[in-house]
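Enquirer: Have a look; sequence and predicted model below, questions after that.
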Amino acid sequence: MDENGSPVVIEFKKGSDSGVLSQAVAYLTWLRSAQHEFEALVRKVLGAEVAGSIDWRRPRMICIAAGFSHHDRVAVQRLPERIDLVRYRIFEGGLLSLLLVDSSPGSPSAASSRPSRGRDALVDRAPAAPAVPSPTGADLVPECLRDLYGELDEALTAWDEVEVAALLHYIAYRRLVNVASVIFRPKHEAILVYLRLDPDSVELEEGFTRDMRGIGHLGTGDLEVRVVSAASLEKAAPLIRRAFEAA
C-alpha cells in the first residue's frame, strides 16, 4: 500500500524485459479479484485500522526495469490504470539510481466501475452499494481560495513529471512519492501545504511553518506551510523548491 492507502503492484525485472508491463497488468487484475484476501493480509500484518483505510478506487502499478520499449511508453498513456515506469541504474560503489521515466494518473473510476470476482463476491451477493464518485480538484477547492490555489498549483506543478491526485480530503502532488499535500481551511481563508521536508532543516516561523512530526493530520509531509496570500506563497516558494528537488 502507498501512503494514500492505495494498493500497489510492484513489478521488477533485472535488465530490460518487454513483458514487464503486461505482467504487472496481469497481477493487478488478479489483485482486484482477490480484494478479500488482500484485505485479510493487510489486517494481519498492519492491523484493522490500516485494512479499513484501503482505497480500491486508485490501485497503482510500478514497473522497474533497466529500460522500457517505445511500445511500453505508448501503452502507459492508453491504459486506464495508474502506472509508473521507473528505470534503474547501478553505478560503481553500489550506488543505485531510480528515475521516473513515464507516468499515467489513470482513470479514478477504473477500479470502482469493474465488478469484483473475488471470494467475497461469490459469498456475499448482496446488492452493491452505489459507487461514490471520486473527488476532483475543483470539488475540494472552496470558492474563496480558488485564486490563491491557482497560483499555488502553478508553483507545485512547475516541475517535471508531477502527478496531481485529488483524494477524499486533500490534493496530493507526487513524483515517486507524495511531495506535497494540500488541504483547505476556508474558515481561516488559508491553504495548508504539507511538504516532504525535515522540519529540523527549516527555521520555523510561528503562523507560517510548523513541525508536524508526531501530530496527526490529513495528508503526508512533516512540514506544514500556511499559505494565506500571494506574499506567503512567495515566501513558501524556496521550501517547495527544496521539497521537489529532494524527491
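Expert: Sure, I can see it. Model, not experiment: these values are computed from the prediction.
Enquirer: Quick one: the strands in the protein, in order.
Expert: 8-12, 60-65, 82-91, 95-104, 163-166, 171-174, 178-185, 190-195, 209-211, 223-227 (DSSP state E).
Enquirer: Mind putting those into CSV with distance to A24 and mean neighbour count?
Expert: All C-beta spots, glycine's among them, are computed from the backbone N, C-alpha and C. Listed next are the strands of the chain as CSV, based on distance: least, C-beta to C-beta, whole Å; neighbours: other C-beta atoms under 10 Å:
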stretch, distance to A24, mean neighbour count
strand 8-12, 4, 16
strand 60-65, 4, 22
strand 82-91, 8, 18
strand 95-104, 12, 14
strand 163-166, 17, 18
strand 171-174, 19, 24
strand 178-185, 21, 22
strand 190-195, 30, 24
strand 209-211, 38, 18
strand 223-227, 33, 22
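Enquirer: can you tell which of those is closest to D2?
Expert: Closest approach to D2 among the strands of the chain is made by strand 8-12 (5.2 Å; C-beta to C-beta).
Enquirer: coming back round to it: out of the strands of the chain, flag the one nearest V50.
Expert: Between the strands of the chain, strand 8-12 lies closest to V50; by C-beta to C-beta that is 13.8 Å.
Enquirer: Show the contacting residues for G94.
Expert: With C-beta atoms under 8 Å, 6 or more residues apart in numbering as the criterion, no residue contacts G94.
Enquirer: Tell me the confidence at D124?
Expert: The predicted structure scores D124 at 41 on the pLDDT scale.
Enquirer: again, but for V132
Expert: At V132, pLDDT is 42.
Enquirer: what do you get for R117?
Expert: 39.
Enquirer: and the longest helix along the chain, how far from the chain's centre?
Expert: Looking across the chain with DSSP state H, the single longest helix is helix 230-246. How far helix 230-246 lies from its chain's middle: 20 Å, per C-alpha atoms, centre = their mean, to the nearest Å.
Enquirer: I'd like to know which elements it is packed against.
Expert: If you count contacts as 3 or more C-beta pairs under 8 Å, 6 or more residues apart in numbering; DSSP states H and E, helix 230-246 packs onto helix 146-156, strand 178-185, strand 190-195, strand 223-227.
Enquirer: Would you reformat those as TSV and include distance to L98 and mean pLDDT?
Expert: Listed next are these as TSV, based on distance: least, C-beta to C-beta, whole Å; pLDDT from 0 to 100:
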stretch	distance to L98	mean pLDDT
helix 146-156	22	93
strand 178-185	15	93
strand 190-195	21	96
strand 223-227	23	96
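Enquirer: Relative to S18, which of those is closest?
Expert: strand 178-185 (30.8 Å).
Enquirer: can you list the residues that contact the closest one?
Expert: 3-4, 140-142, 145, 149, 152, 156, 162, 169-173, 190-196, 217-221, 240, 243-244, 247.
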